[in-house]
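Asker: Fold the following and give me the result.
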Amino acid sequence: MTAQIKLLILGLLIVATTMEVSGDTIIRNGLGQATVGGKALYFLAGAILLFGYGLVLNLAPLPFERVAGIYIATLFVVWQIISFFAFRAVPNVPILIDGALIVSGGLIVAFAGASGEA
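Answerer: Just a heads-up that it's a prediction; the model follows:
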């Protein structure tokens, strides 16, 4: 697998996970809206982003089981970034340690044995 393909995969996964986390965040914010119309707009925006996430994720040129590993790793990182900006949540040390394990595992699943070797 070339470096360009790896960057393409990473780019698609960053876009997909950003869409997923943003969609979830918008839906969460929509739950707090007072009017039905307000809720509907938030829910519609969230649904569009969640559909987009599914579409973009499946464009990655890897078998699904390998996409899933790096996707989870990317999701963790993007979730922490958006949680910080949207909710001012700062990850504590256990979350950072867990995140390091998640990211390491995702990289192993996605890229170890990319040429058919384990």
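
Asker: Find me the pLDDT at residue 102, would you?
Answerer: For residue 102, the model assigns a pLDDT of 93.

Asker: can you tell me the helix or strand for the residue lying closest to residue 103 once chain neighbours are set aside?
Answerer: Sequence neighbours aside, residue 73 is the residue nearest to residue 103 in space, at 4.4 Å (criterion: C-beta to C-beta, 6 or more residues apart in numbering). To be clear about C-beta, it is placed using only N, CA and C from the backbone, and glycine gets the same treatment. Per DSSP states H and E: residue 73 is located in helix 64-87.

Asker: What helices and strands are in contact with that helix?
Answerer: helix 3-31, helix 93-111 (3 or more C-beta pairs under 8 Å, 6 or more residues apart in numbering; DSSP states H and E).

Asker: Just the C-alpha atoms of it, please, in PDB.
Answerer: Backbone C-alpha positions of helix 64-87 (Å, rounded to 0.1, in the frame of the first residue of the first chain) are rendered in PDB as follows:
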ATOM      1  CA  PHE A  64     -14.400  -3.300   5.700                       C
ATOM      2  CA  GLU A  65     -12.800  -5.200   8.600                       C
ATOM      3  CA  ARG A  66      -9.600  -3.200   8.100                       C
ATOM      4  CA  VAL A  67     -11.400   0.100   7.800                       C
ATOM      5  CA  ALA A  68     -13.100  -0.600  11.100                       C
ATOM      6  CA  GLY A  69      -9.800  -0.600  13.000                       C
ATOM      7  CA  ILE A  70      -8.500   2.700  11.800                       C
ATOM      8  CA  TYR A  71     -12.000   4.100  11.900                       C
ATOM      9  CA  ILE A  72     -12.300   3.500  15.600                       C
ATOM     10  CA  ALA A  73      -9.000   5.100  16.200                       C
ATOM     11  CA  THR A  74      -9.900   8.100  14.200                       C
ATOM     12  CA  LEU A  75     -13.300   8.300  15.800                       C
ATOM     13  CA  PHE A  76     -11.700   8.500  19.300                       C
ATOM     14  CA  VAL A  77      -9.400  11.400  18.300                       C
ATOM     15  CA  VAL A  78     -12.100  13.300  16.500                       C
ATOM     16  CA  TRP A  79     -14.600  12.700  19.300                       C
ATOM     17  CA  GLN A  80     -12.100  14.200  21.800                       C
ATOM     18  CA  ILE A  81     -11.500  17.300  19.600                       C
ATOM     19  CA  ILE A  82     -15.200  18.000  19.000                       C
ATOM     20  CA  SER A  83     -16.100  17.300  22.700                       C
ATOM     21  CA  PHE A  84     -13.500  19.900  23.700                       C
ATOM     22  CA  PHE A  85     -14.900  22.600  21.300                       C
ATOM     23  CA  ALA A  86     -18.600  21.800  21.600                       C
ATOM     24  CA  PHE A  87     -18.800  20.900  25.300                       C
END
